[in-house]
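Participant: Sequence unavailable; structure follows:
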């Protein structure tokens, strides 16, 4: 099937987006706002990004959930705007932005997720960020050095959270994250990382008091034992590759985090 | 945010909380009672202090309520000490509706069979001196808390008494009755009819009611509801807690293998993190 877009159709789409954005801006009640944001999120158009990001700070949970799902659908196109949002001092909006980053898995979100997973006071934010640490797109890291540095700190954080967070659901998320992490790492050090994770899971299982987390550890162990490799994790060639500037920012933030109070407690995994 | 609990335990120490519980400052007393429950402090002096607080006469609201007694009953439910059951049974006779509600919930968590007769008397509204709730619909008794406790206690003989509440005007009470009837009906096929009715209630338009149903389904660990729980529009935190209830009903730490059902529930949970 071929899709041809003529100028008229393109205009019609632009019109539609403008109308949907206007509907969000003019919504005069909480249900109307929720409905408008959801419609805008459903079209998943790049033009909608600033409005969806703004909707994270409207103090309307329904609208925020819809906006997060729209941003996640837009994926890495939305990452720069989400990261910008993190600098604003609106706690609730920040928390929603963290969730979007956790779902997208873009390396530019890595340090934000490390911070949130280890330090956020809200259980639901730690939970989402922790799972996200296991789902970073490691394949696209440009140098072995930065990849190893990033993976080591993400793995240390996941192991620490899995054993120390007070809330069962965050420890549960850490086990899920560790499982995804083991399947997401490729190439040099892959086997070593995996056997390290398997060893740690075996130690955790003797100490875990929560029945649900205990069951999740066993599920992870089972999956890691039977599935040696998971080829489906490979990403298709990326048309939106990160720039050298992106990578140098990631590297700089990672160094800052490694030297922070929390970062210093994350022991070397090897 | 969905829920936010600080990891640190505030600035109180156990000694200080126990001292505050019988100190002069009424605000500190009521906070200390909450704090001891929140951080599960089951030291003997904490328990004694909370039992004494169940008979407090000093902390009264304008309407005659007993805020300290309410918090003390809630805390005692969390501390797991069966010796406090008689004191909680006395609290079921309190004039304050909310003290009776907290006491019924605490007796539910403690799971002591000796609570059944007094809970039945309260369900029949046969306890003298008990005043109705202060908010509409001015319920005579905390029926949902009482019914949930009877369900948890496995008091099968109370089924006929609970059944009429399936049609109560207050949805929350209907759900409590479905939940208890599920727990108290020995025939699994008939029991599932109540579980299925409760699952249907997840389609309710009212978010607050859907939250109540999530808690009920989690409490009975109703496996056939797992997908409906994951799908219903509500906070992921609450859905995860409900699914945790389902999962923990079907696995044990001692199990050697995970069932396909357990794996299916965990797969749903993974998608909600």
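Facilitator: Now that the structure is in, tell me what you want to look at. As the structure is a computational prediction, the values presented were derived from the model and not from experiment.
Participant: Report the central residue of chain A.
Facilitator: Nearest to the mean C-alpha position of chain A, counting by C-alpha atoms, centre = their mean, stands residue A:102 at 1.4 Å.
Participant: which residues sit in contact with that residue?
Facilitator: A:109, A:113, A:128-129, A:131-132, A:135 (C-beta atoms under 8 Å, 6 or more residues apart in numbering or on different chains). For every residue, glycine as well, the C-beta is placed using N, CA and C.
Participant: Select, from the residues you listed, the two members most distant in space.
Facilitator: Longest distance between any two of these is 12.7 Å, between A:109 and A:131; criterion C-beta to C-beta.
Participant: quick one on the thing from earlier: got JSON lines for the contacts of residue A:102, with neighbour count, distance to residue A:166 and secondary structure too?
Facilitator: Putting the contacts of residue A:102 into JSON lines (neighbours: other C-beta atoms under 10 Å in any protein chain shown; distance: C-beta to C-beta, whole Å; DSSP: H, G, I helix; E, B strand; the rest coil) gives the following:
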{"residue": "A:109", "neighbour count": "27", "distance to residue A:166": "25", "secondary structure": "helix"}
{"residue": "A:113", "neighbour count": "25", "distance to residue A:166": "19", "secondary structure": "helix"}
{"residue": "A:128", "neighbour count": "28", "distance to residue A:166": "17", "secondary structure": "helix"}
{"residue": "A:129", "neighbour count": "30", "distance to residue A:166": "16", "secondary structure": "helix"}
{"residue": "A:131", "neighbour count": "26", "distance to residue A:166": "17", "secondary structure": "helix"}
{"residue": "A:132", "neighbour count": "30", "distance to residue A:166": "20", "secondary structure": "helix"}
{"residue": "A:135", "neighbour count": "19", "distance to residue A:166": "23", "secondary structure": "coil"}
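Participant: as a whole number, average confidence for stretch A:19-34?
Facilitator: What stretch A:19-34 shows for mean pLDDT is 91.
Participant: Next: stretch A:52-67.
Facilitator: Stretch A:52-67 comes out at a mean pLDDT of 90.
Participant: Find the nearest non-adjacent residue to residue B:268, please.
Facilitator: Nearest residue to residue B:268, sequence neighbours excluded (C-beta to C-beta, 6 or more residues apart in numbering or on different chains): residue B:230, at 4.4 Å.
Participant: How much space separates that neighbour from residue B:264?
Facilitator: Here the criterion is C-beta to C-beta, to the nearest Å. By it, residue B:230 lies 10 Å from residue B:264.
Participant: Give me the more crowded residue out of those two.
Facilitator: residue B:230 (18 against 15; other C-beta atoms under 10 Å in any protein chain shown).
Participant: so that one is in which element?
Facilitator: Following DSSP states H and E, the helix or strand that holds residue B:230 is helix B:226-231.
Participant: before we move on, what about residue A:80?
Facilitator: Going by DSSP H and E, residue A:80 is part of helix A:79-86.
Participant: residues of whichever helix or strand comes after that helix that come out buried?
Facilitator: Of the helices and strands lying after helix A:79-86 in sequence (DSSP H and E), the nearest is helix A:91-104. Buried positions in helix A:91-104, judged by neighbour count with 16 or more other C-beta atoms under 10 Å in any protein chain shown: A:92-104.
Participant: out of those, which one sits closest to chain B?
Facilitator: residue A:95 (5.5 Å; C-beta to the nearest C-beta).
Participant: what's the closest non-adjacent residue to the closest one?
Facilitator: residue A:125 (4.6 Å).
Participant: correct me, but the one you found touches residue A:99?
Facilitator: Yes - judged on C-beta atoms under 8 Å, residue A:125 makes contact with residue A:99 at a distance of 7.3 Å.
Participant: tell me, how many neighbours does residue 137 end up with?
Facilitator: Went with chain A since none was named. With neighbours defined by other C-beta under 10 Å, the count for residue A:137 comes to 17.
Participant: Can you look at chain B instead?
Facilitator: 9.
Participant: and it, what does it touch?
Facilitator: By C-beta under 8 Å, 6+ apart, the neighbours of residue B:137 are B:169-170.
Participant: still on that earlier bit, relative to residue A:171, which of the contacts of residue A:102 is nearest.
Facilitator: Looking across the contacts of residue A:102 and measuring by C-beta to C-beta, the closest to residue A:171 is residue A:131, at 11.5 Å.
Participant: What segments of the stretch 151-273 of chain B are strands?
Facilitator: With DSSP state E, counting those that start in this stretch as the criterion, the stretch 151-273 of chain B has no strands.
Participant: what residues are up against the spatially most central residue of chain B?
Facilitator: The C-alpha lying nearest the average C-alpha coordinate of chain B belongs to residue B:105 (C-alpha atoms, centre = their mean; 4.5 Å). Counting by C-beta under 8 Å, 6+ apart, residue B:105 touches B:73-74, B:77, B:145, B:148-149.
Participant: so what's it scoring on pLDDT?
Facilitator: We have a pLDDT of 97 for residue B:105.
Participant: buried residues in the helix or strand harbouring it?
Facilitator: Per DSSP H and E, residue B:105 falls inside helix B:97-110. Of the residues in helix B:97-110, B:97-108, B:110 count as buried by neighbour count, 16+ other C-beta under 10 Å.
Participant: roughly how far is that helix from the heart of the chain?
Facilitator: 8 Å (C-alpha atoms, centre = their mean, to the nearest Å).
Participant: Residue 136 in helix, strand or coil?
Facilitator: Assuming you mean chain A. What DSSP: H, G, I helix; E, B strand; the rest coil gives for residue A:136 is coil.
Participant: Chain B is the one I meant
Facilitator: coil.
Participant: quick check: mean pLDDT across the helix holding residue A:80?
Facilitator: 89.
Participant: helices or strands up against it?
Facilitator: helix A:49-55, helix A:91-104 (3 or more C-beta pairs under 8 Å, 6 or more residues apart in numbering or on different chains; DSSP states H and E).
Participant: which residues sit against it?
Facilitator: Contacts for helix A:79-86 (C-beta under 8 Å, 6+ apart): A:49-50, A:53, A:56-57, A:71, A:93-94, A:97-98, A:100-101, A:104, A:106, A:108-109, A:112.
Participant: let's see it at 7 Å
Facilitator: A:49-50, A:53, A:56, A:71, A:93-94, A:97, A:100-101, A:104, A:106, A:108-109, A:112 (C-beta atoms under 7 Å, 6 or more residues apart in numbering or on different chains).
Participant: Over to stretch B:253-266?
Facilitator: Contacting residues not belonging to stretch B:253-266 are listed as A:211, A:214-216, A:218-219, A:222, B:223, B:226, B:243, B:246-247, B:250-251 [C-beta under 7 Å, 6+ apart].
Participant: one step back: and the residue nearest to the centre of chain A, how far from residue A:177?
Facilitator: Distance from residue A:102 to residue A:177, by C-beta to C-beta: 10 Å.
Participant: since we're on residue 80, how many residues are nearby?
Facilitator: Just going to use chain A. For residue A:80, using other C-beta under 10 Å, the count is 14.
Participant: wrong chain, I was asking about chain B
Facilitator: For residue B:80, the neighbour count with other C-beta under 10 Å is 13.
Participant: Which positions in the stretch 151-270 of chain A make contact with chain B?
Facilitator: Counting by C-beta under 7 Å from any C-beta of the partner chain, the residues of the stretch 151-270 of chain A close to chain B are A:166, A:169, A:173, A:176, A:211-212, A:214-216, A:218-219, A:222.
Participant: let's see 6 Å
Facilitator: Residues of the stretch 151-270 of chain A lying near chain B by C-beta under 6 Å from any C-beta of the partner chain: A:166, A:169, A:173, A:176, A:211-212, A:214-216, A:218-219.
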